[in-house]
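Peer 1: Quick one, what's the 3D model for this:
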Amino acid sequence: MDKTFKIISITFLRRTTATLLCGIALLTTSACAKGCYTDEKMQPLAATATDLARAVMRFAKNNPGEAASLDDQELVRRATAFDPNLLESYKGLVVRGTVDGIILVCTGDGRRGLFEDAECSDKVDEPVWPDKSAPCAFTLKVESICP
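Peer 2: Here you go, the predicted structure:
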């Protein structure tokens with residue numbers, strides 16, 4: 001009887017430990033899927049940022065009065081209205097823009113900055129996604145980036 005009890009206890013303990021470890025791994029992975037911004041996840045977004053910034057700049061140049069009166073998120077929405085696919089990759093994130101053609105991409109809650117890009121360059125100008133404390137605030141100055 002004692003031997004049977006030991007076998008059952010060991011089997012139960014092994015299964016419980018394995019289940020617990022699987023649960024922890026699942027929670028960690030699912031939490032990271034929403035809140036981890038790795039190079040692998042952000043580089044494809046960053047690759048399309050210049051197109052988005054150019055659309056904002058073009059809209060602002062063609063509609064200066066209207067662009068100046070819009071808040072930064074509405075400016076991006078209006079600037080991309082001709083091609084909603086420009087924002088498709090950014091679902092769940094906050095995308096802000098300036099009339100100078102700078103875009104800022106932030107986490108969905110709008111608290112953390114991920115990257116900034118100016119329309120005049122072909123690369124992401126300020127990738128801050130590795131910095132977990134980066135604020136969702138514009139830091140780029142057009143005059144220092146664009147000739």
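
Peer 1: Quick one: the strands in this protein, in order.
Peer 2: All strands of the chain, identified by DSSP state E, fall at 94-97, 102-106, 113-118, 126-127.

Peer 1: In the sheet, which strands lie alongside the third one, parallel or antiparallel?
Peer 2: Each strand paired with strand 113-118, and its direction, by DSSP bridges: strand 102-106 (antiparallel), strand 126-127 (antiparallel).

Peer 1: Show residues contacting that strand.
Peer 2: The contact list for strand 113-118 (Cβ atoms under 8 Å, 6 or more residues apart in numbering) reads 37, 42, 45-46, 49-50, 52-53, 93, 100-107, 124-129, 134-140, 142, 145-146. C-beta coordinates here come from the backbone N, C-alpha and C atoms, glycine included.

Peer 1: now the strands of the chain in JSON lines, with distance to residue 57?
Peer 2: Compiled in JSON lines, the strands of the chain are given as follows (distance: least, Cβ to Cβ, whole Å):
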{"stretch": "strand 94-97", "distance to residue 57": "9"}
{"stretch": "strand 102-106", "distance to residue 57": "9"}
{"stretch": "strand 113-118", "distance to residue 57": "9"}
{"stretch": "strand 126-127", "distance to residue 57": "17"}
